[in-house]
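> coords please:
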Amino acid sequence: MIKAIFFDIDGTLVGFRDHRISSSTSQALARMRRKGVKLFIATGRHPLGVDNLGDERFDGYIYMNGGLCTIDGRTVYRNPLDAAAVGRLLDALPQSDIACVFDTEQAWYINRADERVRAMNAMINVDIPLIDPERLRGLDIFQITPYLPPQEEWRVLQYMPEVKHSRWCDPIFDINPRDGGKGVALLQAARCLGISPAQTMAFGDGGNDTEMLLAAGIGVAMGNATDELKDAADYITSSVDDDGIARAIEHFEREGVL
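Presented below is the predicted three-dimensional model:
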């Protein structure tokens with residue numbers, strides 16, 4: 001039986017159309033709580049950016065693509081980026097036009113704002129404060145999100161060869177520690193709960209969810225997921241705007257897994 005479910009937010013729990021959790025999803029989550037299933041958020045967002053879940057409450061949160069994991073408000077896992085790699089990027093930014101979001105444990109910042117940044121931030125409904133990158137030196141940085149298309153990733157990665165990166169949409173990508181990711185954080189959370197990975201389920205839609213779906217006992221890709229994620233999934237449900245979460249949970253209830 002599944003004892004914990006991990007949900008990505010954007011494109012999974014929350015659609016891009018209305019930025020909220022649907023009533024069908026909310027009802028499915030309530031049934032899981034009544035059955036004693038632990039519910040987790042697993043997002044690339046910073047804690048300050050998790051503001052679109054309405055009144056829903058979760059037992060644990062994985063933030064910044066696995067950089068930080070909390071259970072019942074207690075931090076159980078943290079994994080910042082290599083300081084030397086971050087320093088090399090900070091050295092290069094003043095001579096470039098690259099916009100990057102930098103996530104610390106308590107706050108998030110962006111070094112510049114242009115039309116690409118404003119358009120993307122409007123789509124995901126966030127407002128990130130500007131900062132002089134020099135003020136970030138010496139701080140633990142858990143994630144960096146450059147606003148660059150796939151063909152320009154090299155402009156940042158040339159300074160940070162020791163990291164991993166993933167993308168959930170074309171305008172931006174996420175940089176995280178090579179030994180991190182949502183999958184690693186899921187395993188850490190399962191260990192803290194005293195359950196096996198086989199007793200977990202994960203839902204996602206983007207490239208940054210691939211490792212999480214592979215780590216979980218059952219990995220579910222949304223109908224709007226990337227082809228890469230669908231290939232990694234054990235089950236493919238309908239899209240986020242077509243009751244994808246509720247339909248999948250109903251399926252696994254009928255199968256006797258939930």
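> any weak-confidence spans in this protein?
Scanning the chain for pLDDT under 70 picks out 124-125.
> can you list the domains in it?
Using automatic domain parsing, the domains assigned to the chain come out as 4-79+180-254, 83-177.
> Can you give me the end-to-end span of stretch 164-174?
End-to-end distance for stretch 164-174: 8 Å, by Cα to Cα, to the nearest Å.
> what's in contact with that stretch?
Outside of stretch 164-174, the residues within contact range by Cβ atoms under 8 Å, 6 or more residues apart in numbering are 10-11, 44, 65, 116, 119-120, 143-150, 153, 157, 175-178, 180-181, 205-210, 226. To be clear about C-beta, it is placed using only N, CA and C from the backbone, and glycine gets the same treatment.
> would you list every one of the strands in the stretch 101-250 of the chain?
108-110, 143-146, 163-169, 172-177, 200-204, 218-221, 235-236 (DSSP state E, counting those that start in this stretch).
> Within the sheet, what are the partner strands of the shortest one, with directions?
Taking DSSP bridges as the criterion, strand 235-236 pairs within the sheet with strand 218-221 (parallel).
> quick one: contacts of the partner strand?
Strand 218-221 has contacts (Cβ under 8 Å, 6+ apart) with 2, 200-205, 209, 212-213, 229-230, 232-237, 248, 252, 257.
> all helices for the protein, in order.
Here the chain has its helices, by DSSP state H, at 23-34, 83-92, 115-124, 154-157, 182-193, 210-215, 227-232, 244-254.
> For Gly60, give its distance to Arg178.
As for Gly60, its distance to Arg178 is 24 Å (criterion: Cβ to Cβ, to the nearest Å).
> Between the two, tell me which one has more neighbours.
Gly60 (22 against 14; other Cβ atoms under 10 Å).
> CSV for the strands of the stretch 101-250 of the chain, including mean neighbour count?
Output for the strands of the stretch 101-250 of the chain, formatted as CSV (neighbours: other Cβ atoms under 10 Å):
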stretch, mean neighbour count
strand 108-110, 21
strand 143-146, 25
strand 163-169, 19
strand 172-177, 23
strand 200-204, 28
strand 218-221, 26
strand 235-236, 16
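> Distance to Asp97 for these - can I get that in TSV?
As requested, the strands of the stretch 101-250 of the chain are arranged in TSV below (distance: least, Cβ to Cβ, whole Å):
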stretch	distance to Asp97
strand 108-110	13
strand 143-146	11
strand 163-169	19
strand 172-177	15
strand 200-204	31
strand 218-221	35
strand 235-236	39
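> among those, which is nearest Gly36?
Within the strands of the stretch 101-250 of the chain, the stretch nearest Gly36 is strand 200-204; the backing value is 14.1 Å (Cβ to Cβ).
> quick one: that closest one to strand 163-169, angle?
Relative orientation of strand 200-204 versus strand 163-169 (axes from the mean of the first three to the mean of the last three Cα atoms, to 10 degrees): 60 degrees.
> Quickly run through the sheet partners of strand 200-204, with directions.
Neighbouring strands of strand 200-204 in its sheet, by DSSP bridges, are strand 4-7 (parallel), strand 218-221 (parallel).
> Residues in contact with that strand: which ones?
Strand 200-204 has contacts (Cβ under 8 Å, 6+ apart) with 2-8, 12-13, 42, 182, 186, 190, 209-210, 212-213, 215-222, 225, 229, 237, 245, 248, 252, 257-258.
> Mind giving me the ChimeraX select for those, buried ones only?
Those of the contacts of strand 200-204 that count as buried under 16 or more other Cβ atoms under 10 Å are selected in ChimeraX with:
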select :2,3,4,5,6,7,8,12,13,42,182,186,190,209,210,212,213,215,216,217,218,219,220,221,222,225,229,237,245,248,252,258
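> excluding its backbone neighbours, what's nearest Val240?
In this structure, Val240 finds its nearest non-sequential neighbour in Gly15, 4.6 Å apart by Cβ to Cβ, 6 or more residues apart in numbering.
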